[in-house]
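A.B. asks: Got a predicted structure plus its sequence, pasted below:
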Amino acid sequence: MNSYDPPLGGRPILGNSCARATTAVEMRYRIDRPIRGRQGARVIALDQGAAAIVARIAEYAWGSARFYELAEPATEVGDAGLQSVSLRPVSVSRNGHHPTLVDELDDADVVVMIATTGSDDAAATIIGAACTVRAITTAGLVIGEQAAVADTVAAIRPHARVLAISSDEQDVVDVLTALRA
């Protein structure tokens, strides 16, 4: 006879059966409903290559994420620079209205900056600073070969709390999915 008696009526507890091994007291703390998505994800393309990527990705089914490209290059960094970032919606037309960055940050909880080569460094600086002041999480995704995007990475790095470099635009979809955008 074996001196070890497995619990649960002779069946060993496997790593994947921990849900069945939970006590009734521990069950009170379980969340039984799906976690809702974010309410204020903003995805902003910082250059023309990124705008093409964002336009393709905006076609997917997302929660309440909004997708933008820069309406024009940002030229001024500083106190007045915040007003100089004008956004153009990628997925939905707003009758020619280009919301400012201030408009879009009012109800944002995460801002994801997408860039390839030739990104707008001033816009990245302004967006990053505006998000920092408002305690909005920022992420930067640079798409392209490492050697080609080195300058873009250097420009975005100080302004994104999380920065990822990839040669596959599918990674943008994966990150947005993980963020529940």
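C.D. replies: Structure's in. What do you need? Numbering: from 1, shown residues only.
A.B. asks: In the protein, what helix or strand scores lowest on average pLDDT?
C.D. replies: Every helix and strand of the chain was ranked by mean pLDDT, DSSP states H and E. The lowest is helix 24-27, at a mean of 73.
A.B. asks: Name the SS class of the residue most central in space within the chain, please.
C.D. replies: Centroid-nearest residue in the chain, with Cα atoms, centre = their mean: Val112, separated by 4.3 Å. Classification of Val112 using DSSP: H, G, I helix; E, B strand; the rest coil returns strand.
A.B. asks: now swap in Pro158 and tell me
C.D. replies: Applying three-state DSSP: Pro158 is helix.
A.B. asks: That one against Ile127, yeah?
C.D. replies: No - taking contacts as Cβ atoms under 8 Å, Pro158 lies outside contact range of Ile127: 11.7 Å. The C-beta positions use only the backbone N, C-alpha and C, and glycine is treated the same way.
A.B. asks: Which one's more surrounded, these two?
C.D. replies: Ile127 (31 against 12; other Cβ atoms under 10 Å).
A.B. asks: The more buried one contacts Val111, correct?
C.D. replies: Yes - taking contacts as Cβ under 8 Å, Ile127 lies within contact range of Val111: 6.4 Å.
A.B. asks: and for the two, which residues touch both?
C.D. replies: Residues touching both Ile127 and Val111 by Cβ atoms under 8 Å, 6 or more residues apart in numbering: Ile44, Thr138.
A.B. asks: buried stuff in the host helix or strand of Ala52?
C.D. replies: Per DSSP states H and E, Ala52 falls inside helix 48-57. In terms of neighbour count (16 or more other Cβ atoms under 10 Å), helix 48-57 has its buried residues at Gly49, Ala50, Ala51, Ile53, Val54, Ile57.
A.B. asks: what packs against the helix or strand containing Ile165?
C.D. replies: Assigned by DSSP H and E, Ile165 belongs to strand 162-166. Applying 3 or more Cβ pairs under 8 Å, 6 or more residues apart in numbering; DSSP states H and E, one finds that strand 162-166 contacts strand 137-143, helix 150-156, helix 170-178.
A.B. asks: Pull out the buried residues from the longest one.
C.D. replies: Read it as helix 170-178. Of all the residues in helix 170-178, those buried under the rule 16+ other Cβ under 10 Å are Val172, Val173, Val175, Leu176.
A.B. asks: Can you report how many residues lie near Ile156?
C.D. replies: When neighbours are counted by other Cβ under 10 Å, Ile156 registers 27.
A.B. asks: Apologies, that question was intended for Val90.
C.D. replies: As a burial measure, Val90 scores 21 neighbours (other Cβ under 10 Å).
A.B. asks: Chain neighbours aside, what residue packs nearest to it?
C.D. replies: Using Cβ to Cβ, 6 or more residues apart in numbering and skipping the chain neighbours, the partner closest in space to Val90 is Phe67 (4.2 Å).
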